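Undergrad: Any chance you could fold what I've pasted below:
(one chain, ligands or ions: 1)
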Amino acid sequence: MHPDLATAPHRPDNDPLFFDSVIPDMDALQNPSPRLLLAPMEGLLDHRLRSVLTAASHYDWGVTEFVRITDSLLPRRCYARVAPELDQGSRTATGVPIRVQLLGSDPACLAENAARLATLKPAGIDLNFGCPAPIVNRHGGGAILLDTPTVLYRITAAVKRAIDGSTPLTAKMRLGVRDKSRALEAAQALCEGGAELLVVHARTKEEGYRPPAHWAWVAHVAEAIPIPVVANGEIWTVADYLQCRAESGRRDVMLGRGAVADPFLCERIRDLLAGRRVRSATEDWGRVWPLLERYWSLVRTDLVPRHTPGRLKQWLNLLRRHYPQAAALFHAIRTLTDPAEIDLLMTAPPAIHSSGRPRHALI
Ligand SMILES: Cc1cc2nc3c(=O)[nH]c(=O)nc-3n(C[C@H](O)[C@H](O)[C@H](O)COP(=O)(O)O)c2cc1C
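TA: This next block holds a predicted model:
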């Protein structure tokens, strides 16, 4: 155990002042409104789902799934494919800025690609040092780089030089590869290389996506570097947000699966912070259903038909964590592979909810 963990903040019960008193957070003083960010999630959170989720809740910004850089200068269309938002000022339809994430291990090649990407005027460029995928790690990219802080520094510094202050540069890291012993060193390298903000997914590569997330470690990282640090990992509910905030000392968080499982989680956190009543997810199926309809229509419009059912099932699979109605729909479409059959279910006349909001006929 890291010696600092002995002094890790622990939230005392019923102490309303605790959040403001644990760790002095200079960034929070300068940015009174917390940053709530939408996480990159390759294969799940593409531009279609981004457009739906950012219409449901206001995020300060979102990050695209990673663009993998190996040994060549990618054509502009590669960026446009992952981030069609680039064509509209790097914003979603509701105006949420979208930053583009790069993943790679070669500083020169990343720098060259970042320079090209910068000409497309993304809202920011984010560097991925958290991906645990074996195929990516075998080629020296993603989380595996956390073992070599000098390379982290070289990559960040090269990219920073290449974009020449034109574009905000951020980085996203895990706490290490096998253990957390080099977490602070890695964060310092990214900061010294020129990252202006660091998102910390509070787990090592080996910990994968297994709970818990080690939020207290985010506090250690934040104490070690002078740039803003954003906590990430295992925030599924408003209660998780509060607990993460207590343990990490961070008000700024990035939401991943939690935002997909509850499209209004970000809004609930904003309500909490503004002192408004926080609606529970059980009240909100009537607001989720139109999002699902919208998503299905986007997927049907521009994905090859055979890929469409999987996309909807993936989202429903997470939604069913909070919404029994999503579980019923998931169950109904689980074995369907023909999108036309799903069309029938998705366009079936909705039963009317007592509040007058549409409610799916299956429930
Ligand atoms: C399906 C999936 C794809 C992901 N893809 C990316 C990615 O492209 N880039 C990245 O930095 N992190 C990626 N992540 C990690 C998430 O951004 C986030 O750090 C992680 O899921 C923990 O946050 P959460 O518990 O809120 O989901 C991915 C996670 C999942 C589950």
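
Undergrad: helices or strands up against the strand or helix carrying Leu329?
TA: Per DSSP states H and E, Leu329 falls inside helix 324-333. Under the contact criterion of 3 or more C-beta pairs under 8 Å, 6 or more residues apart in numbering; DSSP states H and E, helix 324-333 touches helix 285-302, helix 308-319, helix 339-347. The C-beta positions use only the backbone N, C-alpha and C, and glycine is treated the same way.

Undergrad: can you give me the mean pLDDT across the longest one?
TA: Put plainly, it is helix 285-302. Helix 285-302 shows an average pLDDT of 96 in the prediction.

Undergrad: what about the closest residue to the ligand within the chain, how many neighbours?
TA: Closest approach between the chain and the ligand, counting by C-beta to the nearest ligand atom: Gly256, at 2.6 Å. The number of residues packed near Gly256 is 22, by other C-beta atoms under 10 Å.

Undergrad: Please determine how far the nearest residue to it once chain neighbours are set aside is located from Val253.
TA: Closest residue to Gly256 apart from its sequence neighbours, by C-beta to C-beta, 6 or more residues apart in numbering: Ala39 at 3.5 Å. Using C-beta to C-beta, to the nearest Å, we find Ala39 at a distance of 10 Å from Val253.

Undergrad: what sits in contact with each of the two?
TA: Asn232 (C-beta atoms under 8 Å, 6 or more residues apart in numbering).

Undergrad: near the ligand, which residues of the protein show up?
TA: By the rule C-beta under 6 Å from any ligand atom, the part of the chain lying against the ligand is 39-44, 65-66, 101, 128, 130-131, 172, 201, 209, 232-235, 255-258.

Undergrad: Now do the contacts for Glu42.
TA: 65-66, 131.

Undergrad: now with 10 Å?
TA: 64-68, 82, 101, 103, 128, 131, 133, 136 (C-beta atoms under 10 Å, 6 or more residues apart in numbering).

Undergrad: Just read off the phi/psi values of the nearest residue to Thr92 once chain neighbours are set aside.
TA: What sits nearest to Thr92 in space, not counting adjacent residues and going by C-beta to C-beta, 6+ apart, is Thr54, at 4.3 Å. The phi/psi pair for Thr54 (degrees, to the nearest 10) reads phi -80, psi -20.

Undergrad: and Ser33, how many neighbours?
TA: Using other C-beta under 10 Å, the number of residues around Ser33 comes to 12.

Undergrad: Wait, Leu316 touches Ala326, no?
TA: Yes: Leu316 lies in contact with Ala326 (C-beta atoms under 10 Å); the separation is 5.1 Å.

Undergrad: what sits in contact with each of the two?
TA: Each of Leu292 lies in contact with both Leu316 and Ala326 under the rule C-beta under 10 Å, 6+ apart.

Undergrad: show me the contacts for the spatially most central residue of the chain.
TA: Centroid check for the chain by C-alpha atoms, centre = their mean gives Ala39 as the closest residue, at 0.9 Å. Ala39 makes contact with 45, 59, 62-63, 65, 101, 172, 199, 201, 232-233, 235, 253-260 under the criterion C-beta under 10 Å, 6+ apart.

Undergrad: mind running it again at 7 Å?
TA: Taking C-beta atoms under 7 Å, 6 or more residues apart in numbering, we find Ala39 in contact with 63, 232, 254-256.

Undergrad: Please apply the same query to Ala261.
TA: Residues near Ala261 by C-beta under 7 Å, 6+ apart: 236, 318-319, 321-322.

Undergrad: I'd like the residues you listed as JSON lines, with pLDDT and neighbour count appended.
TA: Converted to JSON lines, the contacts of Ala261 look like this (pLDDT from 0 to 100; neighbours: other C-beta atoms under 10 Å):
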{"residue": "Trp236", "pLDDT": "98", "neighbour count": "20"}
{"residue": "Leu318", "pLDDT": "98", "neighbour count": "19"}
{"residue": "Leu319", "pLDDT": "97", "neighbour count": "23"}
{"residue": "Arg321", "pLDDT": "96", "neighbour count": "16"}
{"residue": "His322", "pLDDT": "96", "neighbour count": "23"}
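
Undergrad: Find the pair from the residues you listed with maximum spatial separation.
TA: Using C-beta to C-beta, the pair of these lying farthest apart is Trp236 and Leu319, separated by 12.1 Å.
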